[in-house]
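J.: Build me a structure from this.
(one chain, ligands or ions: 1)
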Amino acid sequence: MNLESLGIKLPLFPVSSVGSFPKPLSIKKARAQFCSGEISENELFEVEKEATRKWIEFQNDIGIDVVVDGEMYRGDMVAYFAERLPGFEVGGFVRSYGNRYYRKPIVTGKVSWEKPLTVSWWEYAQSLTKKPVKGMLTGPYTIMDWSFNEYYNSRRDTALALAQVVRREVEALIAAGARIIQIDEPACSVRTDELSLVVEAMDAVTRDLSAYFLTHICYGDFEKIYPGMLDIPVDNFDLEMSNSDNSLLTCFKKQPFTKDLSAGVVDVHTHRIESHEEVVKRIREIAEFVPLKQLWIDPDCGLKTRSVKEAKQKLRTIVDTVKELRKEFH
Ligand SMILES: [Zn+2]
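T.: Modelled structure (predicted):
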């Protein structure tokens, strides 16, 4: 849906973030204390709230246009939802990538939505800034793909049941006032043969709802899902571009990119802080293929694996670069 019709006006090259920011030591310490019974859940919650407040303050200070809550309260992006939804049980540890392990959820019954999962965090974040705050959810296809299923007959049945659950959360966010909602589908670029299921499930989530929708997809086999992925019914694709040195542009060269694009212009997998010149170069290259009015700017992916200092430096580099470019393109 058109942003202006939702009452939101953004500058040229709106700057945002994919979702997660690094957790400060205070949270890591509070989590350990909570696990050993030294502090209550409420005390842990207060520490998470304080960390969220600081990240919102930082985004306000440097001039981010569309703010995120930073996900201080989340561990894994699928487990966070699965642990809170009826129909799931938490399984044993499995390896996701590198040396990261997570507890893979298991669907053991009918999945359903009982109460909002993210709305109070969205409301809290929005109360701390005048800028719009994105609602942030994990998409039904990715929740299905990253879980075991012992209940539904097929992957499609599982994804479509989860789509109804995610839709309820989207409706709750909209009722609370959210106008920009991101539904992450990082699994989409891995099982490329199931693109039509990603489209069908996202349609079940977003159809006829009044919000501007984005989806974040991490880098993968884009040559296989492009341009078909443009059928995913969202307004904006938030894509990891710089990690592959803008190689996605070869796809855009063959078939124009028709939606809004949140272009990742700093790599989240490296400690190195990109220079102003590098970021300018990446944005200029992308701007040759995507009309300026359709272009948002952000980091490649969530910044949670970087240190707090690195994440802040990368975000500052983006904002400073965009401020310069706006003068030129206006
Ligand atoms: Zn990503």
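J.: Now do the same contact list for the closest residue to the ion within the stretch 1-150 of the chain.
T.: Using Cβ to the ion, the single residue of the stretch 1-150 of the chain nearest to the ion is residue 18, 6.1 Å away. For the C-beta atoms, the positions are set from N, CA and C on the backbone; glycine is no exception. Residues in contact with residue 18 (Cβ atoms under 8 Å, 6 or more residues apart in numbering) are 68, 216, 238, 262, 264, 298-303.
J.: residue ranges with poor pLDDT in this structure?
T.: Applying pLDDT under 70 to the chain flags residues 96-100.
J.: Show me what from it comes close to the ion.
T.: 218, 301 (Cβ under 5 Å from the ion).
J.: Check which residues of stretch 164-173 are buried.
T.: Of all the residues in stretch 164-173, those buried under the rule 16 or more other Cβ atoms under 10 Å are 165-170, 172-173.
J.: ok, of those residues, which one's closest to the ion?
T.: The closest of the buried residues of stretch 164-173, once distances to the ion are taken by Cβ to the ion, is residue 166, at 18.0 Å.
J.: where does that closest one land in three-state SS?
T.: Under DSSP: H, G, I helix; E, B strand; the rest coil, residue 166 falls in the helix class.
J.: need the contact list for it.
T.: 137-140, 143, 183, 205.
J.: Dump these into a markdown table; add neighbour count and secondary structure as well.
T.: Converted to a markdown table, those look like this (neighbours: other Cβ atoms under 10 Å; DSSP: H, G, I helix; E, B strand; the rest coil):
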| residue | neighbour count | secondary structure |
| --- | --- | --- |
| 137 | 23 | strand |
| 138 | 28 | strand |
| 139 | 30 | coil |
| 140 | 29 | helix |
| 143 | 30 | helix |
| 183 | 27 | strand |
| 205 | 27 | helix |
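J.: Go through the helix or strand harbouring residue 94 and flag the buried ones.
T.: Element membership for residue 94, per DSSP states H and E: strand 88-95. For strand 88-95, the neighbour count (16+ other Cβ under 10 Å) marks 88, 91 as buried.
J.: Contacts for it, please.
T.: 79, 82-83, 101-108, 111, 147-148.
J.: Excluding chain neighbours, give the residue nearest to residue 323 in space.
T.: residue 63 (7.3 Å; Cβ to Cβ, 6 or more residues apart in numbering).
J.: ok, that neighbour to residue 327 distance?
T.: Distance of residue 63 to residue 327, given as Cβ to Cβ, to the nearest Å: 14 Å.
J.: Same question for residue 230.
T.: Taken as Cβ to Cβ, the span from residue 230 to residue 327 is 32 Å.
J.: Please identify which of these two sits among more neighbours.
T.: More neighbours surround residue 230 than the other of residue 230 and residue 327, with 16 against 7 (other Cβ atoms under 10 Å).
J.: does the residue nearest to the more buried one when sequence neighbours are not counted belong to a helix or a strand, and which?
T.: Using Cβ to Cβ, 6+ apart and skipping the chain neighbours, the partner closest in space to residue 230 is residue 258 (5.6 Å). Taking DSSP H and E as the definition, one finds residue 258 inside no helix or strand.
J.: Backbone dihedrals for residue 258, please?
T.: Backbone torsions of residue 258, given as degrees, to the nearest 10, read phi -100, psi -10.
J.: buried residues in stretch 216-234?
T.: 216-220, 222, 225-226, 229-230, 232-234.
J.: Distance check, the residue of the stretch 151-300 of the chain found nearest the ion against residue 284.
T.: Going by Cβ to the ion, the ion is nearest to residue 218 of the stretch 151-300 of the chain, at 3.3 Å. Going from residue 218 to residue 284 by Cβ to Cβ gives 24 Å.
J.: Doesn't residue 39 lie inside a helix?
T.: No. Going by three-state DSSP, the assignment for residue 39 is coil, not a helix.
J.: How many residues are close by it?
T.: With other Cβ under 10 Å as criterion, residue 39 counts 17.
J.: What segments of this structure are helices?
T.: 25-35, 41-62, 79-82, 119-127, 140-145, 155-176, 195-206, 222-225, 249-254, 276-287, 308-329 (DSSP state H).
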